[in-house]
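Undergrad: Could you work out the structure for the sequence below:
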Amino acid sequence: MASWKKKTAIAGAVLGGVAAGVATGVAVPKYLARRAKAAPDDPYAGEPFEMPPTDMIRSVKNRDGTSVHVETIGKEDAPVTVVFLHGYIQNSSTYYFQRQALARELADGLAVQGVFYDQPGHGLSGALPRIEYGIGDLAATLADVIEALAPAGRLVLVGHSMGGMAVQQFSADFPELWERVDGAVLLCTSASPLAGVDTKPMRTVQRVRRTVLPMMQRVSQWTPQLVERARRLVGDSVWLISRKQAFAEPHPSPSLVTLIERMNRETPIQTVVGYVRAILEFDGRSRLAAFKDRDVLVAAGDQDALTPLDRSKEIARALPDAQVAVVSARHNPQLERPWEISQKLLEIIYKSVEGDGESEPPAPEDLKRSHRRWWSPFATHRRRSPRRAEQTTEVKNSEADNDDS
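TA: Here you go, the predicted structure:
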């Protein structure tokens, strides 16, 4: 028993690094992280990342019975709905800047609804119902959210990383809903299996698949609390590793580093392990044909070590009419280069919107200015810790329970 606990603790230390998207194992003095976090020139110091523009909060039951936390901006009866799907061990906060940009356009009269939700097991959504969860399950959750929040009208789907895989699978599993899709944004994702990617972060993910996943499947006395305690031990070391591995620039905003590190750290260990096989084995190459008659943006970071640039290029080769945007970033260009990604996203959205009185999206320099401490009049709430997720959704959605699907 003691030997098993020791192995579990070691696995937890490894998983603490996975939750930051990097390999761990290097001890770093705490004062280094604290000094970096206190950088006086942080452009996003005080940015209200936990108070994004929000008009409505809903809790949607997916077909597995999981409570899916959904936040929207814009009118529910808008002719176009843009649905945002985040990636592995993150949550909808990863689209903070794109949400700001869209809210600004809504304030100027753009007829669009924006839907942001936390994938099952992530953020404020409920826990995974099984040890393993697949991309097909995520596609089904997307269908449930659409049917609950956008039962009619045109759709634009935005998927980052694992979310992009879900969009690909959705095109095959739900052809009737796919007929309503005008455009898609595939951001730092892959259509072919990631199992062969030989980078430090992906080797760590592979290690989780080989060791921790079988342990969860076979050991009846599995206690994730041991792993969670081990994850907390890495503390500031993980923050420093996140700064180095999650950003292309050498001195990123400490506030952005904290945002990514917090999303990763607050993802339950069952979720960290539960999606490993899905993201490594997903093969969506046969799904790409469905995108050929849609407006598609393929966007990527040129230094992405999780879904390398060649994976986005592979998608682009299969979709020669797609727009391609490669920016100087790692795996999260929507945070690292927000104005560039937001501009390209709005171009896709404006192609879908007809007769709204606007001829073109705002210029990139206007978007860049809007990303500097722009406070939206739509900001009405603060996202809470996942530990309080059940309380939050019950209180916020008391009037919407009859509409859950």
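Undergrad: so K75 sits right up against Q113, yeah?
TA: Yes. With contacts counted by C-beta atoms under 8 Å, K75 reaches Q113, the gap being 6.1 Å. To be clear about C-beta, it is placed using only N, CA and C from the backbone, and glycine gets the same treatment.
Undergrad: And the two? Which one has more around it.
TA: It is Q113, of K75 and Q113, that has more neighbours when counted by other C-beta atoms under 10 Å, with 23 against 14.
Undergrad: For the host helix or strand of that one, give me every contacting residue.
TA: Assigned by DSSP states H and E, Q113 belongs to strand 112-117. Contacts to strand 112-117, defined as C-beta atoms under 8 Å, 6 or more residues apart in numbering, come from residues 52, 60, 68-76, 78, 80-85, 92, 95, 99, 102-103, 105-106, 125, 145, 149-150, 349, 353.
Undergrad: That strand pairs with which strands, and in what direction?
TA: strand 67-73 (antiparallel), strand 80-85 (parallel) (DSSP bridges).
Undergrad: in the stretch 251-400 of the chain, which spans are helices?
TA: 254-265, 269-274, 276-281, 309-318, 333-336, 338-352, 364-370, 389-396 (DSSP state H, counting those that start in this stretch).
Undergrad: Compare those helices and report which one is nearest to R243.
TA: helix 254-265 (4.6 Å; C-beta to C-beta).
Undergrad: what is the mean pLDDT for the closest one?
TA: If you average the pLDDT over helix 254-265, you get 91.
Undergrad: Tell me if I'm right that L110 and V353 touch.
TA: Yes. The criterion here is C-beta under 8 Å, and L110 meets it with V353 at 6.6 Å.
Undergrad: before we move on, the earlier item: if you average pLDDT over each of the helices of the stretch 251-400 of the chain, which is lowest?
TA: Among these, helix 389-396 scores lowest, with a mean of 33.
Undergrad: quick revisit: single out the most deeply packed of the strands paired with strand 112-117.
TA: strand 80-85 (a mean of 27; mean count of other C-beta atoms under 10 Å).
Undergrad: Who are the packing partners of the helix or strand following that one?
TA: Counting by DSSP H and E, the next helix or strand C-terminal to strand 80-85 is helix 96-107. If you count contacts as 3 or more C-beta pairs under 8 Å, 6 or more residues apart in numbering; DSSP states H and E, helix 96-107 packs onto strand 67-73, strand 80-85, strand 112-117, helix 333-336, helix 338-352, helix 364-370.
Undergrad: Which of these sits closest to F291?
TA: Here helix 338-352 is closest among the helices and strands packed on helix 96-107 (C-beta to C-beta), at 12.2 Å.
Undergrad: Quick check: closest non-adjacent residue to G136.
TA: Distance criterion C-beta to C-beta, 6 or more residues apart in numbering; nearest residue to G136, sequence neighbours excluded, is Q169 at 5.7 Å.
Undergrad: just checking, that neighbour touches L138?
TA: Yes. Shown here, Q169 and L138 form a contact pair, counting by C-beta under 8 Å, at 7.1 Å.
Undergrad: and the most centrally placed residue in the chain, what is it in contact with?
TA: For the chain, H86 is the residue whose C-alpha lies nearest the centre (C-alpha atoms, centre = their mean; 2.0 Å). Taking C-beta under 8 Å, 6+ apart as the contact definition, H86 lies against 92, 94-95, 118-119, 122-123, 160-163.
Undergrad: The residue nearest to G136: neighbouring residues, count only.
TA: 23.
Undergrad: Then D41?
TA: D41: 8 neighbours (other C-beta under 10 Å).
Undergrad: residue ranges with poor pLDDT in the protein?
TA: Across the chain, the ranges flagged by pLDDT under 70 are 1-39, 209-210, 212-238, 355-405.
Undergrad: quick one on the thing from earlier: next secondary structure after the strand holding Q113?
TA: Counting by DSSP H and E, what follows strand 112-117 is helix 135-149.
Undergrad: Each with direction, which strands does whatever helix or strand comes next after that next one pair with?
TA: As assigned by DSSP H and E, the chain's next helix or strand after helix 135-149 is strand 154-160. Strand 154-160 pairs in its sheet with strand 80-85 (parallel), strand 181-187 (parallel), by DSSP bridges.
Undergrad: how about a markdown table for these, with distance to E47 added?
TA: As requested, the strands paired with strand 154-160 are exported to a markdown table (distance: least, C-beta to C-beta, whole Å):
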| stretch | distance to E47 |
| --- | --- |
| strand 80-85 | 19 |
| strand 181-187 | 21 |
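Undergrad: count of neighbours near the nearest residue to G301 once chain neighbours are set aside?
TA: Counting by C-beta to C-beta, 6+ apart, A329 is the residue found nearest to G301 once chain neighbours are left out, at 3.5 Å. By other C-beta under 10 Å, the residues close to A329 number 25.
Undergrad: any idea how far A329 lies from R58?
TA: 31 Å (C-beta to C-beta, to the nearest Å).
Undergrad: so which of the contacts of H86 would you say is closest to Q270?
TA: Nearest to Q270 among the contacts of H86, with distances taken as C-beta to C-beta, is H122, at 11.1 Å.
Undergrad: who touches that closest one in this structure?
TA: Neighbours of H122 in contact, by C-beta under 8 Å, 6+ apart: 86, 89-91, 267, 271.
Undergrad: Can you pull the phi/psi pair for it?
TA: phi -120, psi 160 (degrees, to the nearest 10).
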